[in-house]
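*Asks:* prediction below, plus the sequence it came from.
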Amino acid sequence: MEKNLLIVGAHCGDGELQAGAIANKYAKAGYHVTFLHLTAGEKGNPPGMSVEEYRKQKIEESEACAKVLGADSMTLDYRDAELTFSDEIITRIAKCFRKLKPALVITHWVNSMHPDHALCPRLVNHAWLKAALPGFDLDGLPPHGMKGYLHSENWEDMEGYVPDIFIDVSDEFNTYLEALSKYWFIMHSKDFRYYDYYKALGTIRGCRIKKQYAQTLKYPAGGNVRVGQEIPGLSL
Ligand SMILES: [Zn+2]
């Protein structure tokens, strides 16, 4: 399996907030890490700035943020808060999977107060199948199967989100915070204290595993299946 990790978010900034420190950890270990944003998230435009101007700014911010994390950034041209569940979008994402060849995808949890976020894992799930099946001819790109996908933690997607995996990101957290500072909305939004929340979240998740900082992941429903000859942690 190739060492590629893909993080798919609904809006520029989502994937970085949710899994930016994990991304940095894997980039440092030699993985090619890419953030794929389905929209720029341009409708949270600051006072005095047009939606189009903010779209351009957010794409620039996403590239600066990814650079700090040692990753690449790609933004598709769908419109913020207008994502639909369509074969056209699934096919676009499936082509990205075939081109980028991720071993695994990280994306939003399935329940969210934001409809774009809730759609994202459904689109990823369908694109996973479409990218893998050789019967789909997608611009002649070779089929690509991956291990699957995991969900990451976002303040808007917390209904039913109980983390399964805690990743120790103590050594990456300062880089993560520096990367987040590239986004205007994370540092200056009046709607939500993004920076404070995610710094605190990394802290409490770290406390849970007796480390300084952690970020969490969750298996898809029904996917947390462990294979073994004994009860984990209880030797026979
Ligand atoms: Zn979002």
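*Replies:* Yes, it's here.
*Asks:* show me which residues of this structure are close to the ion?
*Replies:* Residues of the chain lying near the ion by CB under 5 Å from the ion: 10-11, 14. All C-beta spots, glycine's among them, are computed from the backbone N, C-alpha and C.
*Asks:* in the sheet, who's paired with whichever residue of the chain sits closest to the ion?
*Replies:* For the chain and the ion, the shortest gap (CB to the ion) falls at H11, measuring 3.6 Å. Beta bridges link H11 to T39 when assigned by DSSP bridges.
*Asks:* tell me where the protein has helices.
*Replies:* Taking DSSP state H as the criterion, the chain carries its helices at 14-28, 51-69, 87-100, 115-132, 173-180, 184-188, 194-208.
*Asks:* in space, what's closest to E153 - neighbours in sequence excluded?
*Replies:* Distance criterion CB to CB, 6 or more residues apart in numbering; nearest residue to E153, sequence neighbours excluded, is T216 at 5.1 Å.
*Asks:* adding pLDDT, write the residues of the chain next to the ion out as a markdown table.
*Replies:* A markdown table is the format used below for the residues of the chain next to the ion (pLDDT from 0 to 100):
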| residue | pLDDT |
| --- | --- |
| A10 | 98 |
| H11 | 98 |
| D14 | 98 |
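*Asks:* for those residues, which single residue is the most surrounded?
*Replies:* A10 (30 neighbours; other CB atoms under 10 Å).
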